[in-house]
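1. Model the following, please.
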Amino acid sequence: TTTKSTTTTSTTKTTTSTAASSAVAASSSKSLLFSESQGAQETPKPTNFREAEVFGLRLMQEGEYERALKAFEQSFKLPGSKTDIIRTKMISGPSPVGGSSGGTEGKKVYELDEFEYQAVHYNMACAHSKLGNVADSVKNLESAFRFGFDNYATVRTDPDLLQIQTTREFENLMMTYDGKNGFLNPLSFFRSKK
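-> The predicted structure is shown next:
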């Protein structure tokens, strides 16, 4: 919060300064932002999933689990690596293939792929576990499993999940997806994917 007000103030000073001192104010504003980012005081504004994920993982390493959780939640709203083209009907104009007027135009969009969904849910499970939120952690682990995450040995030994690994909810989840003691549960193939 302090960083945002400092940045806003320096930006305001830059826009209200005279033309002659504008360049000096802009360069001091840039150096202020640069020095803040060097000290890890500035909160970056991720522009895509990967940036938000890396920022969240860094916060996890620093022990800032609440902020990491917010970064992971933000990554859901950002573009991922899966591309898609959304076609919409043009209001007017010639058809691109001839014939009657109209046609479609495409817009390229980036969405999260299944691996990014696996990663964000797993990372959120770890953050919730560190915060002691057993139900939320197990719920996110289950979502990661539904998206195809199946490295159960890692889940059972990950130190970030230590707080939930001895709970009944965790064991029930692992029995559903992995079976007892790491043996495959043959009925887990028939689970419903929601």
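2. what domains does the record give for the protein?
-> 1-42, 46-80+112-194, 82-111 (automatic domain parsing).
3. which stretch in those domains has the least confidence?
-> The stretch with the lowest mean pLDDT among the domains of the chain is domain 1-42, at a mean of 35.
4. Work out for me the element Lys107 sits within.
-> Using DSSP states H and E, the element containing Lys107 is strand 104-111.
5. what do you get for Thr88?
-> Residue-wise, Thr88 maps onto strand 82-89 under DSSP H and E.
6. quick one: the helices in the chain?
-> Taking DSSP state H as the test, the helices found in the chain are 2-16, 19-38, 49-61, 65-75, 114-130, 134-146, 152-157, 168-177.
7. So which bits of stretch 142-158 are buried?
-> The neighbour-count check on stretch 142-158 (16 or more other C-beta atoms under 10 Å) flags 142-147, 149, 155, 158 as buried. In short, each C-beta sits where N, CA and C put it, glycine included.
8. Could you do stretch 160-174 as well?
-> So stretch 160-174, judged by 16+ other C-beta under 10 Å, has buried residues 160-161, 163-164, 170, 173-174.
9. Output it in CSV, but only the C-alpha positions, please.
-> Output of stretch 160-174 as CSV, limited to C-alpha atoms (Å, rounded to 0.1, in the frame of the first residue of the first chain):
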residue,chain,number,x,y,z
ASP,A,160,4.4,-27.5,2.1
LEU,A,161,1.5,-30.0,2.6
LEU,A,162,2.8,-31.3,6.0
GLN,A,163,0.0,-29.6,7.9
ILE,A,164,-2.7,-31.6,6.1
GLN,A,165,-0.9,-34.9,5.4
THR,A,166,-2.1,-36.5,8.7
THR,A,167,-5.7,-35.4,8.5
ARG,A,168,-8.7,-37.6,7.7
GLU,A,169,-9.7,-35.4,4.8
PHE,A,170,-6.3,-35.8,3.1
GLU,A,171,-6.3,-39.6,3.6
ASN,A,172,-9.8,-39.9,2.2
LEU,A,173,-8.8,-37.9,-0.8
MET,A,174,-5.6,-39.9,-1.4
